[in-house]
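Asker: sequence first, then the predicted structure, then my questions.
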Amino acid sequence: MFGIPGKAPVTLTPRAVTQIARLMARDNAFGLKLGVKKGGCAGMEYTMEFAAEAGPLDEIVEQDGARVMIAPMAQMFLFGTEIDYETSLLESGFRFNNPNVAEACGCGESIKFKDAPDSAGA
């Protein structure tokens, strides 16, 4: 939709693929749906939820048994993002390496996008 023909809008690291496939199998889900919403101290937050099916305008990325769908309003904000899964002594979770982010809050869960002063419309 917003990307380059033949290029996936997001890429998944091997660790992210393993975790997404594991979650899909555990919850018998079609995949994980990614989006963005207003919130947090920097203005926007990523969303991720299980999905039973893809929406008609979702961008679908499939890689080695993992499937993510990108909500239509999030596609332009997530294009070019690498999704990883990290595990440390204190926490585990998905990490978004997004070239479209201008700044992030200290907790790392809230972002502000380049060329979007208030990130309206997401």
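Answerer: Cool, got the structure.
Asker: show me what the longest helix belonging to the chain is packed up against.
Answerer: Assignment by DSSP state H gives helix 14-27 as the longest helix of the chain. Helices and strands touching helix 14-27, by 3 or more Cβ pairs under 8 Å, 6 or more residues apart in numbering; DSSP states H and E, are strand 31-38, strand 66-70, strand 81-87. In short, each C-beta sits where N, CA and C put it, glycine included.
Asker: could those go into JSON lines alongside mean neighbour count?
Answerer: Output for the helices and strands packed on helix 14-27, formatted as JSON lines (neighbours: other Cβ atoms under 10 Å):
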{"stretch": "strand 31-38", "mean neighbour count": "20"}
{"stretch": "strand 66-70", "mean neighbour count": "24"}
{"stretch": "strand 81-87", "mean neighbour count": "17"}
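Asker: reformat those strands as a markdown table; add mean pLDDT and distance to Phe94.
Answerer: Below are those laid out as a markdown table (pLDDT from 0 to 100; distance: least, Cβ to Cβ, whole Å):
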| stretch | mean pLDDT | distance to Phe94 |
| --- | --- | --- |
| strand 31-38 | 92 | 9 |
| strand 66-70 | 97 | 10 |
| strand 81-87 | 94 | 6 |
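Asker: between these, which one is nearest to Asn100?
Answerer: Checking the helices and strands packed on helix 14-27 against Asn100 by Cβ to Cβ gives strand 81-87 as the closest, at 7.4 Å.
Asker: that closest one pairs with which strands, and in what direction?
Answerer: The strands beside strand 81-87 in its sheet (DSSP bridges) come out as strand 10-12 (parallel), strand 92-97 (antiparallel).
Asker: alright, that wraps it up for me.
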